[in-house]
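J.: Everything below, folded, please.
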Amino acid sequence: MSVADIVPVALGLPSGDFITLWAPAWREDGEDWEAMLGLDEDLYGFATPAQLAAFLRSGAANDLQDHPSWEHTAHLPVLELDPDEEHSYDLVGVPELLSENPTEESVLELDDCFTMARTIGSICDIPEIEKFFRKHGDLGATSGGIDNFYGREGSREWTRIGKIISKHWDDVLNLIDELVTTPAVDASLVAAAEAELEEARALAAEREDADTAAGLLGDDDWEPDDDEDPFWASIGIDPVKIILPTGTRFTLRCYINDKPLFLGNDDHIFGFTSQRGMLRFLSEEPDHSMYKLPGWDQVVFQAGSGELNVRPTDDNIYSFVRLPKQIKNGPIDVDKNQLDLAVELLLDAEEYLDTNVVDPALDSSTRLGSYVESILDDDTDTDTPSEPYDDVVEEWDKLVDWLNGIVEKH
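T.: Now for the predicted structure:
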């Protein structure tokens, strides 16, 4: 079983911004573990990567020393101890996120902050934080993404979360803040680490400038789309988010000779209720449809190291929540792009599992099929079925129920 690396993280707290280390859940000797850099009751936080590096190189005692990756982490170059954007949690900025209308990015950032706050509470044994999240179940809506905040009810949910945070979030922050301490570190070690960091950043900037001047794009002059993760694009696999009436699921999909292949098995597509859950599965579980793909060992390594980004791009987010109401109201109310994506996913799932459920239901001879075709095919001669559309919604719901059944919850 693979072991996750120790990950540098940045925390924005009332008393300042701190860098520390987080060891995501790993399994050893039959037990599950998760930890952060600290000692006993203290959570260690440092103002700069150089200070953190100096502490690690000092050999001072801490709670991560028994982690299987500790020796590797303790000797990392200073530049690699600078947290990336994916592992930066502006906890003190949570109320500001809620003061604006929700966006895809703000909801994801909010969910990340909630997850990290709860993680700290669990690792550092702060029962008040766990009680806060258990008591306020509305906060869990962020795990479903932006679709949970559309419409009147979604707006109300966003407002409810805002009120909870306005009233109680300072208490959560203070509980975390009280734990953070910066241990004394030898000044000469800090100075050496700062010099190393400055040199590494200068060298990285020179290389970037040289590549830009030479017009280099990397392997085979390939360049990803603006919102596409370079790692996933390079191996031809996409993270996928499926928003169903029963909840949100995350999975992976690729195409082999134009045929869809999902993360799953012969009977199901594996659907994870959180991105974190999928990362844990990817780092540990070899028994699935994708493990023989070229480059899969890179996926396992990056998932285990905490470096893997499994956020889907917009064209890999499939929402089935609002479509039934839109379909019932008539074609003019239907979000054409979302319907097109939904049909794409249904057909891909059907082909992957080698079944015959979706094609017959969407045949133009059926009312559902002619309804969908009249919206998606600009060149069709098919007439839009007449109102009412209750039967069309009923047939659509059957397809969604089928999809919900074959996307196995993990």
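J.: Low-confidence ranges, the stretch 151-300 of the chain, go.
T.: Confidence mapping of the stretch 151-300 of the chain against pLDDT under 70 gives the ranges 204-228.
J.: quick one: the strands in the stretch 51-200 of the chain?
T.: 88-89, 180-181 (DSSP state E, counting those that start in this stretch).
J.: Out of these, which is the most enclosed?
T.: Among the strands of the stretch 51-200 of the chain, strand 88-89 has the highest mean neighbour count (mean count of other Cβ atoms under 10 Å), at a mean of 21. In short, each C-beta sits where N, CA and C put it, glycine included.
J.: Touching that one from outside, list them.
T.: Val9, Ala10, Leu11, Gly12, Asp112, Cys113, Met116, Ala117 (Cβ atoms under 8 Å, 6 or more residues apart in numbering).
J.: Now flag whichever of those is closest to Leu341.
T.: Asp112 (24.6 Å; Cβ to Cβ).
J.: Number of residues surrounding that closest one?
T.: Other residues near Asp112 number 20, with proximity taken as other Cβ atoms under 10 Å.
J.: can you pull the contacts of it?
T.: So Asp112 contacts Tyr89 (Cβ under 8 Å, 6+ apart).
J.: swap in Pro360?
T.: Applying Cβ under 8 Å, 6+ apart, the residues contacting Pro360 are Thr366.
J.: Let's see that with 10 Å instead.
T.: Applying Cβ atoms under 10 Å, 6 or more residues apart in numbering, we find Pro360 in contact with Glu350, Thr366, Gly369.
J.: Show me what counts as buried in the host helix or strand of it.
T.: Using DSSP states H and E, the element containing Pro360 is helix 358-361. Judged by neighbour count (16 or more other Cβ atoms under 10 Å), helix 358-361 contains these buried residues: Val358, Ala361.
J.: Averaged pLDDT, the next helix or strand after that helix. What do you get?
T.: Following helix 358-361 in sequence order, the next helix or strand is helix 367-376 (DSSP H and E). When pLDDT is averaged over helix 367-376, the result is 94.
J.: In PDB, please show the C-alpha coordinates belonging to the following helix or strand past helix 367-376.
T.: Downstream of helix 367-376, the next assigned helix or strand under DSSP H and E is helix 390-406. The C-alpha coordinates for helix 390-406 follow below in PDB (Å, rounded to 0.1, in the frame of the first residue of the first chain):
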ATOM      1  CA  ASP A 390     -44.700  15.400 -17.900                       C
ATOM      2  CA  ASP A 391     -44.200  12.100 -19.700                       C
ATOM      3  CA  VAL A 392     -40.900  13.400 -21.200                       C
ATOM      4  CA  VAL A 393     -39.700  14.300 -17.700                       C
ATOM      5  CA  GLU A 394     -40.700  10.900 -16.500                       C
ATOM      6  CA  GLU A 395     -38.600   9.200 -19.200                       C
ATOM      7  CA  TRP A 396     -35.700  11.500 -18.600                       C
ATOM      8  CA  ASP A 397     -35.800  10.700 -14.900                       C
ATOM      9  CA  LYS A 398     -35.600   7.000 -15.700                       C
ATOM     10  CA  LEU A 399     -32.300   7.600 -17.400                       C
ATOM     11  CA  VAL A 400     -31.000   9.600 -14.500                       C
ATOM     12  CA  ASP A 401     -32.100   6.900 -12.100                       C
ATOM     13  CA  TRP A 402     -30.300   4.300 -14.200                       C
ATOM     14  CA  LEU A 403     -27.100   6.500 -14.200                       C
ATOM     15  CA  ASN A 404     -27.400   7.000 -10.400                       C
ATOM     16  CA  GLY A 405     -27.600   3.200 -10.100                       C
ATOM     17  CA  ILE A 406     -24.500   2.500 -12.100                       C
END
